[in-house]
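1. give me a 3D structure for the following:
(2 chains)
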Amino acid sequence: MSEREQAALPRRPGPPLWLLLELTYRCPLHCVFCYNPTDFSSIGCELETAQWLRVLREARALGAVQLGLSGGEPLAREDLETVVAEAHRLGFYTNLITSGIGLTEQRLGALKDAGLDHIQLSFQDSTRRLNDFLSSTRTFELKSRVAALIKKYRYPMVLNVVIHRLNIDHIDDILVMAERMGAEYVELANTQYYGWAWLNRTHLLPSREQLRRAEDVTQRFRQRVGSRMRIFFVVPDYFETRPKPCMNGLGQVFLAVAPDGVALPCHAARTLPGVIFPNVREMSIGAIWYDSPAFNRYRGEAWMKDPCRSCPERARDFGGCRCQAYLLTGDAANADPVCDRSPHHHLVSRIVEQANLAAGAEQPLVFRDHRGAAVAD
Amino acid sequence: MMGEVNAASRPAIGSGFRLQWESAQNAHVLLYPEGMVKLNASAAAILTRCDGVRTVEDIVADLERAFSVNGLGRDVLAFLGLALERHWLELRP
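-> This is a model prediction of the structure:
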């Protein structure tokens, strides 16, 4: 076998080091940029506690070590403390990704006792309440209360703010608010365009000018606060010319389990057509990770098309994001069109040009809602 | 505090970090929020001794005994400086 052919074969991956449990799609918020599937309400019932615990045990036995607990809002699950306790007992490093809604002192105390290692508090506020949010009313009070609790229980105060066209011009206010809240780390994460965010993309993608101003503001703020508050600014990849090494390659380190037990190599992979993702109710984590066609499909390089197949950078970015390739070009095996070597790059350029020109989109915003993609506001 | 590590300092694993053996990786790893560092054998030998009780002097002596070598002090101090900078370690009073 030639070296080239060997490289094209999927090599046996290491363990799924990063396990993400999306415990529920239930959430009290209705964010327009949520990456959850737009048909989440029609997705089957949630796994029971014992099934989540089995997933933890099996994944840990394979070598999984970082655990993310998200959703939806993971606090909507009353057994969150049980899941954390078992994860801690097994030796996972446990990260809770939450909007803070439902995080009472009683629950936080119980989570701390259960061994929770880390909390990431998200400003996953819906755009509907943008004014409230920016004028420091109810949301600010809720988040401040939660932030104070997080500090009281001696966790670092890590804030994640999803940035988009409608709030990017207020980054200064957002940072001041984060500072008042005592945040030690702030991630200004530009929206990634999957799920509800994909649906609302024209509303959410900022212009290049907005982005430039936001980066300037962030830089000035960093200089003022110094090391007291560390700020990460994540640029939307539509503005790049090389794709992100999405998930470090599908099926290499990351395994997500959706509320109904469907195992995914990326949170957004559910949208990929023609792939039947295995369910943890029917298969062990080991069989899913190593043997299932869904997890082997995009391993190695055999699936690649030109220009990725012959690209010297293919081992660095793995052709980018499969979901983005599918959403924008209709074929998940195409190069991620963010790459300027992709024959479809003009699709991304056109979207960015439109964002640069448009004052705003004409169709209404679609709020995440259990009725599905129903139009609101 | 940073950069002030000396023979009398008592280093401990930093808050938010956790050091553990991972048999799947055949290595010690340092875990932190949403991340992991896989440690080489010498880094692991040093960090596993940083319990907030032993001084740097104790740690160096113990390492020299365990590996039957002398003169590790400088290398250990250099590594501890790096580890403190990355918040893997903090110094206990």
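2. how close does residue A:41 get to chain B?
-> Using CB to the nearest CB, to the nearest Å, one obtains 29 Å as the distance from residue A:41 to chain B. Where you see a C-beta, it was placed from the backbone N, CA and C, and this is true even at glycine.
3. and for residue A:118?
-> Using CB to the nearest CB, residue A:118 is found at 4 Å from chain B.
4. and for residue A:165?
-> Residue A:165 sits 27 Å away from chain B, going by CB to the nearest CB.
5. are we agreed that that residue is in a strand?
-> No - Residue A:165: not assigned to a strand; according to DSSP: H, G, I helix; E, B strand; the rest coil it is coil.
6. show me what contacts it?
-> By CB atoms under 8 Å, 6 or more residues apart in numbering or on different chains, the contact set of residue A:165 is A:203, A:204, A:205, A:206, A:207, A:210, A:355, A:360.
7. let's go with 10 Å and repeat that
-> Residues near residue A:165 by CB atoms under 10 Å, 6 or more residues apart in numbering or on different chains: A:127, A:190-191, A:200-207, A:210-211, A:236, A:355, A:358, A:360-361.
8. ok, residue B:32 next?
-> Neighbour list for residue B:32: A:66, A:93, A:95, A:117-118, A:156, B:14, B:16-18, B:86-88 [criterion: CB under 10 Å, 6+ apart].
9. again, only using 6 Å
-> The contact partners of residue B:32, by CB atoms under 6 Å, 6 or more residues apart in numbering or on different chains, come to B:16, B:17.
10. how near is it to residue A:158?
-> Residue B:32 is 11 Å from residue A:158, where distance means CB to CB, to the nearest Å.
11. buried among the contacts of residue A:165? Need that as a selection in ChimeraX.
-> Buried residues within those, by 16 or more other CB atoms under 10 Å in any protein chain shown, are selected in ChimeraX with:
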select /A:127,190,191,200,201,202,203,204,205,206,207,210,211,236,355,361
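12. mind checking which of the contacts of residue A:165 are in strands?
-> residue A:190 (DSSP state E).
13. apart from its neighbours in sequence, what residue is nearest the closest residue to chain A within chain B?
-> As assessed by CB to the nearest CB, chain A sits closest to residue B:24 within chain B, at 2.6 Å. Distances taken as CB to CB, 6 or more residues apart in numbering or on different chains place residue A:63 nearest to residue B:24, at 2.6 Å, with adjacent residues excluded.
14. now residue A:264
-> residue A:256 (4.5 Å).
15. how deep is the one you found tucked in, by neighbour count?
-> 23 (other CB atoms under 10 Å in any protein chain shown).
16. got the confidence number for it?
-> At residue A:256, the pLDDT value in this model is 98.
17. ditto for residue A:306
-> Each residue has a pLDDT score; the one for residue A:306 is 94.
18. which SSE is it in?
-> Counting by DSSP states H and E, no helix or strand carries residue A:306.
19. what about it, neighbour count?
-> Using other CB under 10 Å, residue A:306 has 12 neighbouring residues.
20. quick check: whichever residue of chain A sits closest to chain B vs residue A:298, distance?
-> Nearest residue of chain A to chain B: residue A:63, at 2.6 Å (CB to the nearest CB). Distance, residue A:63 to residue A:298, using CB to CB: 21 Å.
21. for stretch A:288-307, how far is the first residue from the last?
-> Separation of the first and last residues of stretch A:288-307 by CA to CA, to the nearest Å is 30 Å.
22. how about it: buried residues?
-> Neighbour-count burial for stretch A:288-307 [16+ other CB under 10 Å]: A:288-290, A:292, A:294-301, A:303-304, A:307.
23. quick one, what contacts residue B:9?
-> Counting by CB under 6 Å, 6+ apart, residue B:9 touches B:56, B:91.
24. ugh, wrong one, residue A:18
-> Listed by CB under 6 Å, 6+ apart, the contact set of residue A:18 reads A:66, A:253, A:254.
25. and if you look at residue A:257?
-> A:21, A:55, A:263, A:280.
26. these in helices, which ones?
-> When DSSP state H defines the helices, the subset of those inside them is residue A:55.
27. nice, that's everything, thank you.
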